[in-house]
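[1] Starting from these lines, generate the structure:
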Amino acid sequence: MQLVYLSPLPWNSFAQRPHKFAEWFHHKHGGNVLWVDPYPTRLPKWTDLRRVKTTRIFANPQTVKAEIPNWLTVIRPHLLPIEPLPGASFISRWLLWRDILRTIDQFMQHGRTLLGIGKPSELALQVLAQYPATPSFYDAMDDFPAFYQGLSRAAMARREQRIADSVSRISVSSTTLAERFSAYHSKLTVVHNACTVETLPPIDAIKKQSEDMVIGYLGTIGHWFDWPFVLALAQANSSLNIHLIGPVYTSVPEPLPCNIRLFPACDHVTAIGLMQAFSVGLIPFKCSDLTASIDPIKYYEYRALGLPILSTYFGEMARRQGQAGIFIVDANSDLTYQVNAAMVYKYRRNEIQIFRKNNSWEERFNASDILPCSD
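    Model prediction:
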């Protein structure tokens, strides 16, 4: 079996859920993968002029030099950001998509194929309509309409519903998304996120690389990042260091307290090393329509490194309140007490080992019924 996957992220970006699924599919079924990079599915905004790169709205996170294995073919569409406009799909179909559709058609002639949709788009709808008898799935890793506003948001919501109506299976990454798609319960499955366990250091090699007490966050700092909470955290724990590592796509309060330090984005290997210097892993996201559907990969990475976690109350993290080593806080919490409790918490070796075993991408996809048919 082979796979045509219209991805929500470019192949040439940090490896996330879509990349791991494509790799798992190839190793599981041995077939080739045709990966279609995303293109802009919203109208441009004035703020885009201030941003050299975006993270999710245009599905273009920090670019990396990703190798293309011999089982993978990557298509990189270069389309205008006009999709929400009336008649845009007609223009794209006849002027911009012909080569893409021809490439997909030629690829599908080589054998049994599964169609994967990672992000709603008019191109995805066109492909599904062209191959109605082909098994297909939609993997909702985010609440895509929540990233948009106005006409773009309404258009994305309509596309997503049409995608959900058309595909054979729907997989979602969080409980909130499962509730959103509950009308499709007969073809719905929950596939939470996971982490790349094979890139982590052995459990016996995990050790803090610094004697400093560090509350650390590693990831994109976007409009969902809760700066007021982080500032309150710094004020309540002035003797501790707060390290924020990653690209910044939102305004930063100035001046920052002296115990908050910003570090630039880095590659995955460097990131793992930096996280080992954390005493506590931090996930400071706002509670909003956008974050309500998020199951943060940071949770899995922190836990797999044996880090206790301090998180705001949002999305899938809110459902982990009460778990050992997980400290869920809000504006009314005693932040000094919660931080002290997190700082002294230690996971046992066997707890880390079991967590890694149960939360690798391979285990996650193996345990799911995301595929509508078997090889």
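[2] Check the gap between the closest residue to residue 78 other than its chain neighbours and residue 97 for me.
    Computed as Cβ to Cβ, 6 or more residues apart in numbering, the closest residue to residue 78 that is not its neighbour in sequence is residue 39, at 7.5 Å. Backbone N, C-alpha and C define where each C-beta goes, glycine included. As for residue 39, its distance to residue 97 is 10 Å (criterion: Cβ to Cβ, to the nearest Å).
[3] re the thing from before, surely the residue nearest to residue 78 and residue 124 touch.
    No - counting by Cβ atoms under 8 Å, residue 39 sits too far from residue 124 to count as a contact (10.8 Å).
[4] what's the first-to-last distance across stretch 175-195?
    One end of stretch 175-195 sits 18 Å from the other (Cα to Cα, to the nearest Å).
[5] buried set for that stretch?
    Along stretch 175-195, these residues count as buried under the neighbour rule (16 or more other Cβ atoms under 10 Å): 175-178, 180-181, 184, 187-189, 191-195.
[6] swap in stretch 98-107?
    100, 104, 107.
[7] just stretch 285-297 next, same as before
    Across stretch 285-297, burial judged by 16+ other Cβ under 10 Å covers 285, 288, 290-297.
[8] contacting residues for the closest residue to residue 301 other than its chain neighbours?
    Spatially, and ignoring its direct neighbours in sequence, residue 301 is nearest to residue 195 (4.9 Å; Cβ to Cβ, 6+ apart). Residue 195 sits next to 297, 300-301, 304, 359-361 when contact means Cβ atoms under 8 Å, 6 or more residues apart in numbering.
[9] what does the model give the nearest residue to residue 144 once chain neighbours are set aside for pLDDT?
    Spatial nearest neighbour of residue 144, excluding adjacent residues (Cβ to Cβ, 6+ apart): residue 156 at 5.5 Å. Residue 156 is assigned a pLDDT of 91 by the prediction.
[10] what packs against the helix or strand residue 156 falls within?
    Residue 156 belongs to helix 150-166 when assigned by DSSP states H and E. Packing partners of helix 150-166 (3 or more Cβ pairs under 8 Å, 6 or more residues apart in numbering; DSSP states H and E): helix 122-130, strand 136-140.
[11] relative to helix 122-130, how tilted is that helix?
    Orientation note: helix 150-166 sits at an angle of 20 degrees relative to helix 122-130 (axes from the mean of the first three to the mean of the last three Cα atoms, to 10 degrees).
[12] Next SSE downstream of helix 150-166?
    strand 169-172.
[13] export that following strand as PDB, just CAs?
    Written as PDB, here are the backbone C-alpha positions of strand 169-172 (Å, rounded to 0.1, in the frame of the first residue of the first chain):
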ATOM      1  CA  ARG A 169     -11.800   7.800   8.700                       C
ATOM      2  CA  ILE A 170     -11.200  10.700  11.000                       C
ATOM      3  CA  SER A 171      -8.500  10.800  13.600                       C
ATOM      4  CA  VAL A 172      -8.100  13.600  16.200                       C
END
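[14] Need the three-state assignment for residue 353.
    helix (DSSP: H, G, I helix; E, B strand; the rest coil).
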